[in-house]
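J.: Whatever this is, show me its structure:
(2 chains)
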Amino acid sequence: MSLQIISIILGSLTLASALMVVLSKHPIRSVIYLVVTFFFITSMYIMMNAQFLAIVNMIVYAGAIMVLFLFVLMLLNLNKEMEPMNTKGAQLAAFIAGGSLFLVLITALKDTLILGQTYRQQDNSIGLVKELGNLLFTKYVVAFELTSILFIAAMVGAILLAKREKQIIE
Amino acid sequence: MQAASSIGTSLDFFLFVSFALFTIGAIGAMTRKNMIVLLMCIELMLNAVNLMLVTFSTYYGNGDAQIFVFFTMVVAAAEATVGLSIIIMAYRNLKSIDIDMYNQLKN
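T.: This is a model prediction of the structure:
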């Protein structure tokens, strides 16, 4: 029972920090709140015993991607008055659309079989590194190798996009 | 609720959190006009889907979904890299990160 209380606290903190990502005016505060959100999501992975994904989420998302966002924000040197905002009508329309999307999702959740179920403790070793590594290097090894091509393409693309402008200036 | 009989948290709560996270990300993507905040909202939505995949993977006792979550993280990392470099390149030309200015990207 205490686990349930902990999960409710973690979930509400996750949603609160995610709301702060959207609501805060300054982009750097948004990045910091996004890191906090990723930490809470990592804690949820740990609660579901997905240990490998918890570590990867912490290292890749909160470590690498968010630092990249932060670097770009510092590099661009944005002022407060440059922050573009939508009109009030567009914001209201966005909130109505998002609210109806949430309503549809909750209605779909209400009819699922998963409601009120808990996970089984005995066959819960699937999230460990050993099991997932076994799966990754046998069944999904082709996709894993294709991932490297994707990364090389992304790396080349990023270098090309960031470098081309400098050559024109010189 | 039959959660009292066994150890562990009920999984529908995690599903609820993931739906709410996805909605918050979608509202943010529709509301904000800052390009970087838009990318962050997309990351938020990706994480919501990841959380839902892990929840179902835990429920069914099947590890395939967690592999998909791993690949989603890989694609998200590549996407963030390329997106941010596009933002840097466009900021040098336009001196703005307003999404409405980016309709000239093909020049």
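J.: CA only for contacts and neighbour counts going forward, please
T.: Fine.
J.: mind checking how far stretch B:46-56 is from the chain centre?
T.: The chain centroid and the centroid of stretch B:46-56 are separated by 10 Å under CA atoms, centre = their mean, to the nearest Å.
J.: swap that for stretch A:9-19, please
T.: Per CA atoms, centre = their mean, the centroid offset for stretch A:9-19 relative to its chain is 13 Å.
J.: Now do the buried residues in that stretch.
T.: A:10, A:11, A:13, A:14, A:15, A:17, A:18, A:19 (16 or more other CA atoms under 10 Å in any protein chain shown).
J.: For chain B, tell me which of the residues you listed show up nearby.
T.: For chain B, the contacts drawn from the buried residues of stretch A:9-19 by CA under 8 Å from any CA of the partner chain are A:11, A:15, A:18, A:19.
J.: Now those in JSON lines, please, with extra columns for pLDDT and secondary structure.
T.: JSON lines is the format used below for those (pLDDT from 0 to 100; DSSP: H, G, I helix; E, B strand; the rest coil):
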{"residue": "A:11", "pLDDT": "91", "secondary structure": "helix"}
{"residue": "A:15", "pLDDT": "94", "secondary structure": "helix"}
{"residue": "A:18", "pLDDT": "94", "secondary structure": "helix"}
{"residue": "A:19", "pLDDT": "93", "secondary structure": "helix"}
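J.: which two from those end up farthest apart in space?
T.: Within these, two members stand farthest from each other by CA to CA: A:11 and A:19, at 12.3 Å.
J.: The longest helix along chain B - contacts with which helices or strands?
T.: As assigned by DSSP state H, the longest helix anywhere in chain B is helix B:64-94. Counting contacts by 3 or more CA pairs under 8 Å, 6 or more residues apart in numbering or on different chains; DSSP states H and E, helix B:64-94 packs against helix A:51-56, helix A:66-76, helix A:129-136, helix A:141-169, helix B:35-60.
J.: Can you say which of these is packed in most?
T.: Ranked by mean neighbour count, the helices and strands packed on helix B:64-94 are led by helix B:35-60 with a mean of 22 (mean count of other CA atoms under 10 Å in any protein chain shown).
J.: Perfect, that will be all.
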